[in-house]
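Chemist: Got a predicted model here, sequence first, then my questions.
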Amino acid sequence: MHTPDCAILGMGYLGRPLAEKMFEGGSRVSALKRSIISDDINLPVNLHAADLNDTRVFQADFWQAWADKPVWFCLLPPSAVTDYPAVLAGWLQLARHFGIGHIVYSSSTSVYGDTVRECGEHTPPDPQTESARKVRQAEELLLGSGIANIDILRLGGLYCAERHPLHSLLKRKHLAGAHQPVNMLHRSRAVAALHHAAATPAGLRIRNIVEPQHPPKHEFYRAEAAKLGLPEPEFDMDDRCGGKTVHTVYDDFAGILL
C-alpha cells in the first residue's frame, strides 16, 4: 500500500504514532503542534509550533512546508482551541489555497449522541454535548469544502496501555452505565485506519471506526483491569440505563477492526 507524503495538524496522542507509521512507510511528514518539547527534537518530522487561536498563523507563508503534501490530517480535538469551527475553516481555506486534494479528519462517534439505538453511517447525527456539536460542525465544513477527497473517520473511544480511561474511572465510585455497550477503539487500530484512509482516497467517505465487539462497560473494564494489573472499577450494577451501539455498514476498513 502506497504511503503518501502528508501533513498532520495535532501531534499528540494519535499524531505522534501516526507520524511514525507514515514515515516508516516512506512518507515525508510535516506537522504542527502547540509547543515543541525535548522529546520532539529527534522525530523524523518537519515539525512547527503555533497557537491556532492567533488568526495571524493562517498566513500562507507559515504553512509553506505543507504545500507539497498531498494528504492533510486533522487530529485536533475541539478542546484544543477557543473557536474550533473558525480554526477548521481557516485551515481548510489554506488547503484550498495550496490545491490539496485529500483531507482525513479524526471525528468521533459522539456525533450520534447518547440515545439508545443502533448507529451505522446512515444514522442521522444527534450531537448532545458542546464538544460533539463542534465536531459535527467540523464535519459539515469538510463535506462542503469542495476538496475532492474527504475522509471523516468517526472513531470510537480510544484506549491503550499508555493512556487508558480505566485510570480516571478508578478515581470514582458507583459508576453509572454498567450495562451500556461500549464503542471502543484501540489506538493502534485508529492509527492503522488513518493510514489506510490516506492511502486509499475515495471521494467523500464517512466511516465508523469502532471495534466490532460491544460488551457492557462493566465487562470491558473488568477485562482491561486484569490485563493491566489494576483494580476493577466499581460500577453501580443496579443502573440499567442503555446506550448506543455503533457499527459500520461498509467493509473497506474491516481488516483493521478485527
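Modeler: Received the coordinates, thanks.
Chemist: neighbours around the spatially closest residue to residue 1 that is not a sequence neighbour, how many?
Modeler: Nearest non-adjacent residue to residue 1, counting by CB to CB, 6 or more residues apart in numbering: residue 199, 4.8 Å away. (Each C-beta comes from the backbone N, C-alpha and C, glycine too.) A total of 17 residues lie near residue 199 under the criterion other CB atoms under 10 Å.
Chemist: dump the residue contacts of residue 199.
Modeler: Shown in contact with residue 199 (CB atoms under 8 Å, 6 or more residues apart in numbering): 1-4.
Chemist: can you do 10 Å?
Modeler: 1-4, 6, 22, 25, 27, 71, 102 (CB atoms under 10 Å, 6 or more residues apart in numbering).
Chemist: Mind checking which of those land in helices?
Modeler: With helices taken from DSSP state H, the overlap with the contacts of residue 199 comprises residue 22.
Chemist: Looking at the contacts of residue 199, spot the one nearest residue 168.
Modeler: Proximity of the contacts of residue 199 to residue 168 (CB to CB) peaks at residue 22, which lies at 29.8 Å.
Chemist: Contact partners for the closest one?
Modeler: 3-6, 8, 28-29, 31, 44-45, 71, 73, 191, 194-195, 198-199.
Chemist: now do 7 Å
Modeler: 3, 6, 29, 195 (CB atoms under 7 Å, 6 or more residues apart in numbering).
Chemist: ok, and the most crowded of the residues you listed?
Modeler: Using other CB under 10 Å as the neighbour test, the contacts of residue 22 are led by residue 6, with 27 neighbours.
Chemist: what's the closest non-adjacent residue to it?
Modeler: Here the residue nearest residue 6, using CB to CB, 6+ apart, is residue 71, at 4.4 Å.
Chemist: Would you list the buried entries among the contacts of residue 199?
Modeler: Neighbour-count burial (16 or more other CB atoms under 10 Å) applied to the contacts of residue 199 gives 3-4, 6, 22, 25, 27, 71, 102.
Chemist: pLDDT below threshold where in the stretch 1-150 of the chain?
Modeler: Nowhere does the stretch 1-150 of the chain drop to pLDDT under 70.
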